[in-house]
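Chemist: Sharing a sequence plus its predicted fold:
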Amino acid sequence: MKHRSIAAPLLLPLVTFGISFLVWQVKTKNEMNRFGTSIPTAWLLILPILNIVWLWKYSVGVEMFTRRGLSRHAAFWLMFLLGSIGSAIVQNEFNRTIVNANSPAGMPVTV
């Protein structure tokens, strides 16, 4: 997974009217799927009820990728209720996982 600034998912949705939030979710979904999670297609984001189901599956992927550093419940409620603030917190946890994985005891992850 790519190391990203937490300011990007926090501030860019304000400027791009939420489009960058969707782009961030799709990019991180694809990167998490490369590491073994099974998050479904992002096309479900545009369907009213299925976008909540997709967000739950994404949150399960967050829990798997962060090795339970951020639980699925916390990731879901952070992004569901707080939007870009929640995504910045999730991105911070992704960054922390990447740093820990690049330590000598962790699995190799590209930065």
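Modeler: Now that the structure is in, tell me what you want to look at. Keep in mind it's a predicted model, so treat the numbers as computed, not measured. Residues are numbered from 1 along each chain as shown.
Chemist: Let me see the mean pLDDT of the longest helix along the chain.
Modeler: Ranked by residue count, the top helix of the chain under DSSP state H comes out as helix 84-101. What helix 84-101 shows for mean pLDDT is 93.
Chemist: Thought Ile39 was touching Tyr58, still the case?
Modeler: Yes: if you go by CB atoms under 8 Å, Tyr58 and Ile39 touch, sitting 5.4 Å apart. C-beta: built from backbone N, CA, C; applies to glycine.
Chemist: Tally up the residues packed near Gly69, please.
Modeler: Using other CB atoms under 10 Å, Gly69 has 15 neighbouring residues.
Chemist: Check what pLDDT it gets.
Modeler: Per-residue pLDDT puts Gly69 at 92.
Chemist: what about it, which helix or strand?
Modeler: Using DSSP states H and E, Gly69 sits within no helix or strand.
Chemist: For the longest helix of the chain, C-alpha coordinates in PDB please.
Modeler: Provided in PDB are the C-alpha atoms of helix 84-101 (Å, rounded to 0.1, in the frame of the first residue of the first chain):
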ATOM      1  CA  SER A  84     -13.500  12.700   5.500                       C
ATOM      2  CA  ILE A  85     -12.400  13.000   9.100                       C
ATOM      3  CA  GLY A  86     -12.900   9.200   9.500                       C
ATOM      4  CA  SER A  87     -11.100   8.500   6.300                       C
ATOM      5  CA  ALA A  88      -8.100  10.600   7.500                       C
ATOM      6  CA  ILE A  89      -8.100   8.500  10.700                       C
ATOM      7  CA  VAL A  90      -8.200   5.300   8.600                       C
ATOM      8  CA  GLN A  91      -5.400   6.600   6.400                       C
ATOM      9  CA  ASN A  92      -3.300   7.300   9.500                       C
ATOM     10  CA  GLU A  93      -3.800   3.700  10.500                       C
ATOM     11  CA  PHE A  94      -2.800   2.500   7.000                       C
ATOM     12  CA  ASN A  95       0.400   4.600   7.300                       C
ATOM     13  CA  ARG A  96       1.100   3.100  10.700                       C
ATOM     14  CA  THR A  97       0.600  -0.400   9.400                       C
ATOM     15  CA  ILE A  98       3.000   0.300   6.500                       C
ATOM     16  CA  VAL A  99       5.700   1.600   8.800                       C
ATOM     17  CA  ASN A 100       5.300  -1.300  11.200                       C
ATOM     18  CA  ALA A 101       5.400  -3.800   8.200                       C
END
